[in-house]
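Enquirer: Test case, fold it:
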Amino acid sequence: MNNGIVIRENPQIGERCYYLKHESGLNIYFIPKNLATSFAVFSTRYGSVDSRFRYRGEDKFTVVPDGIAHYLEHKMFENEDGVDSFELFAKYGAKANAFTSFDKTSYLFSSTDNFYESLGVLLNLVTHPYFTPETVAKEQGIIGQEIAMIADNAENTLIFGLLGAMYKTHNVRIEIGGSQESIAKITAPLLYECYEKFYNLNNMSLCISGNQDFDKIVEVCDGILKKSEPYNVESECLEENAEVFEKEFVKYMDVPMPLFAIGVKDLNISPDANVRMRRRAAMQILSELLFGSSSKFYNVCYEDGYITDNFDLWSEHNRSFSMITLSAVGANPDKVFEEYKKYIAENYENGISRQDFERCKKMSYADFIRTFDSTSGIAYSIMDFVLDGADMLDYAETVSSLTYDEVNSLFRELFREEYTSYAKVLPKNKQ
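Expert: Okay, here's the model as predicted:
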């Protein structure tokens, strides 16, 4: 075994994780699984919200155009020799992809054979940027088409309308891909600057699961990765009020039936990753308890015909932002919002159901355990936890230890009128 390898085991869930702080600075995590497909995801703590940053100690923040993290992700697949990295993955029978979210950028692949060769492609892809003014200009047209398509998407309009109502200054309110105007300002030097700041291996993690050998994984990393300088960059999000920016968002579009969403904003974000993990678990249980498919609210709204089965919950709590949202399709969104307010008032008066708490807690635990049935689920989950500074193997115990009083208190803290926004996308013929 390589020096410095840490093996973490959790007998409660029967899982084992290998970890190495590689000499390059990269954090490498591996959970072995005897499954046919192996999965790897290489991520950096850099997403769409990170548009203001500086080296620690500098006086001023650099401000870059919205959408640049997503733009950079697109450009990373091009190589100086003209070969697209997707072709290299295909050569080894691997399926590759990448995505940019609010707080991270990730590059990934799955394979049944030639895993180490594909891993080499992944590492080279992410550590060898190549941009020219010509290729950057060409990409503006491609991404501009994506932005135009997204602008016509009612579901996306609804969610970002809701986020724009909830947040006044935080970049979570901004489209991940930016706008036509913002991407027109992106240049090759700006891409290199963002790459240099955030694609430092000390700010990145490689998360792998499958029927592989950790020593061989490390050998591949040894042959490709070079030592990074200490990571010394800080991002800034502008100060946000605890109250929502606007109570309501409304837009008329070509949709056959209204879409609507309700969001609850939370600014109580601890600098301690374990505290954040506990609040994250509590918010997920609370969200399911109040609005899941077994809840009183859902069943009343569904049985009375106020909503269709197109109903989504989104609970998020990380180092940058925190919220609970629910979205649905239905003929009478205002009636649903009235039911929502009445339902919240009832729970304030009586407290959330103890029986529902225990049921949702068990369900949350079971859902987490099922994560380990899939190599992609494992790798994504490791990534989510480690990029927020937490340990995935601690999550089961965190869920198990949550109490009714803790989650009921969280309900009373979060579900207040001043923290709540309501968004609607309505058919044009209702205008």
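
Enquirer: Which neighbouring residues are in contact with Ser228, exactly?
Expert: Contacts for Ser228 (C-beta atoms under 8 Å, 6 or more residues apart in numbering) come out as Ser24, Gly25, Leu26, Asn200, Leu201, Asn202. Backbone N, C-alpha and C define where each C-beta goes, glycine included.

Enquirer: Looking at those residues, which is nearest Asn274?
Expert: Closest approach to Asn274 among the contacts of Ser228 (C-beta to C-beta): Asn202, at 21.1 Å.

Enquirer: what about the closest one, distance to Ile382?
Expert: 18 Å (C-beta to C-beta, to the nearest Å).

Enquirer: out of the two, which sits in the busier spot?
Expert: Ile382 (26 against 17; other C-beta atoms under 10 Å).

Enquirer: OK, contacts around the more buried one?
Expert: Ile382 sits in contact with Cys17, Tyr29, Ile31, Ser205, Cys207, Ser209, Met392, where contact means C-beta under 8 Å, 6+ apart.

Enquirer: For my notes, confirm it occurs in a helix.
Expert: Yes: assessed with DSSP: H, G, I helix; E, B strand; the rest coil, Ile382 lies in a helix.

Enquirer: mind checking how far it is from Leu125?
Expert: 20 Å.

Enquirer: Over to the spatially most central residue of the chain: give its phi and psi.
Expert: Geometric centre of the chain, nearest residue: Ser101, 5.4 Å, by C-alpha atoms, centre = their mean. In terms of degrees, to the nearest 10, the main-chain angles of Ser101 are phi -120, psi -170.

Enquirer: In this structure it contacts Ser48, no?
Expert: Yes: judged on C-beta atoms under 8 Å, Ser101 makes contact with Ser48 at a distance of 7.3 Å.

Enquirer: Secondary structure of Glu338: a helix, I assume?
Expert: Yes: under three-state DSSP, Glu338 sits within a helix.

Enquirer: Using the three-state scheme, assign Ser209.
Expert: The three-state label given to Ser209 by three-state DSSP is strand.

Enquirer: So for the worst-scoring helix or strand of the chain on mean pLDDT, what gets flagged as buried?
Expert: When the helices and strands of the chain are scored by mean pLDDT, DSSP states H and E, helix 133-151 comes last with a mean of 87. Buried positions in helix 133-151, judged by neighbour count with 16 or more other C-beta atoms under 10 Å: Val136, Glu139, Ile143, Gly144, Ile147.

Enquirer: who touches it?
Expert: 67, 70-71, 74-75, 78, 156-157, 175, 177-180, 183-184, 186-188, 191.

Enquirer: which residues are contacting whichever strand or helix holds Ala69?
Expert: Element membership for Ala69 (DSSP states H and E) is helix 68-75. Residues outside helix 68-75 that contact it (C-beta under 8 Å, 6+ apart): 46-48, 50-51, 98-100, 105, 107, 129, 131, 135-136, 139, 142-143, 176-178, 182-183, 186, 190-191, 194-195, 198.

Enquirer: which among these end up buried?
Expert: Among these, the ones that count as buried (16+ other C-beta under 10 Å) are 46-48, 50-51, 98, 100, 105, 107, 129, 131, 136, 139, 143, 176-178, 182-183, 186, 190-191, 194-195, 198.

Enquirer: Restricted to helices, list these.
Expert: In this view, those that belong to helices under DSSP state H are Val136, Glu139, Ile143, Ser182, Ile183, Leu190, Leu191, Cys194, Tyr195, Phe198.

Enquirer: Looking at those, which is nearest Ile224?
Expert: Proximity of those to Ile224 (C-beta to C-beta) peaks at Tyr195, which lies at 16.8 Å.

Enquirer: pLDDT wise, what is the closest one at?
Expert: Reported pLDDT at Tyr195 in the predicted model: 97.

Enquirer: these two touch, right, it and Pro129?
Expert: Yes: using C-beta under 8 Å, Tyr195 is in contact with Pro129, at 4.9 Å.

Enquirer: Pull up the overlap in contacts between the two.
Expert: Common neighbours of Tyr195 and Pro129 (C-beta under 8 Å, 6+ apart) do not exist.

Enquirer: Show me where the stretch 151-300 of the chain has its strands.
Expert: For the stretch 151-300 of the chain, strands defined by DSSP state E, counting those that start in this stretch occupy the ranges 204-210, 233-235, 248-253, 259-265.

Enquirer: By mean pLDDT, show me the worst of those.
Expert: strand 233-235 (a mean of 93).

Enquirer: Tell me which strands that strand pairs with, and in which orientation.
Expert: Sheet pairing for strand 233-235, assigned by DSSP bridges, gives strand 52-55 (antiparallel).

Enquirer: The partner strand: which residues count as buried?
Expert: Within strand 52-55, the residues that count as buried by 16+ other C-beta under 10 Å are Arg52, Phe53, Arg54.

Enquirer: Just the closest of those to Tyr404, please.
Expert: Closest approach to Tyr404 among these (C-beta to C-beta): Arg52, at 40.5 Å.

Enquirer: So what sits opposite the closest one in the bridge?
Expert: Val63.

Enquirer: so who does it touch?
Expert: By C-beta under 8 Å, 6+ apart, the residues touching Arg52 are Phe61, Thr62, Val63, Ser235, Glu236, Cys237, Leu238.

Enquirer: how does it look with 7 Å?
Expert: If you count contacts by C-beta atoms under 7 Å, 6 or more residues apart in numbering, Arg52 has them with Phe61, Val63, Ser235, Glu236.

Enquirer: Phe249 too?
Expert: By C-beta under 7 Å, 6+ apart, the residues touching Phe249 are Gly161, Leu162, Gly164, Ala165, Ala423.

Enquirer: could I get these as TSV with pLDDT?
Expert: Formatted as TSV, those follow (pLDDT from 0 to 100):
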residue	pLDDT
Gly161	97
Leu162	98
Gly164	97
Ala165	98
Ala423	98
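
Enquirer: Now neighbour count and distance to Arg359 too, for those residues, in JSON lines please.
Expert: What follows is these, written out as JSON lines (neighbours: other C-beta atoms under 10 Å; distance: C-beta to C-beta, whole Å):
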{"residue": "Gly161", "neighbour count": "23", "distance to Arg359": "33"}
{"residue": "Leu162", "neighbour count": "27", "distance to Arg359": "28"}
{"residue": "Gly164", "neighbour count": "18", "distance to Arg359": "35"}
{"residue": "Ala165", "neighbour count": "23", "distance to Arg359": "32"}
{"residue": "Ala423", "neighbour count": "27", "distance to Arg359": "30"}
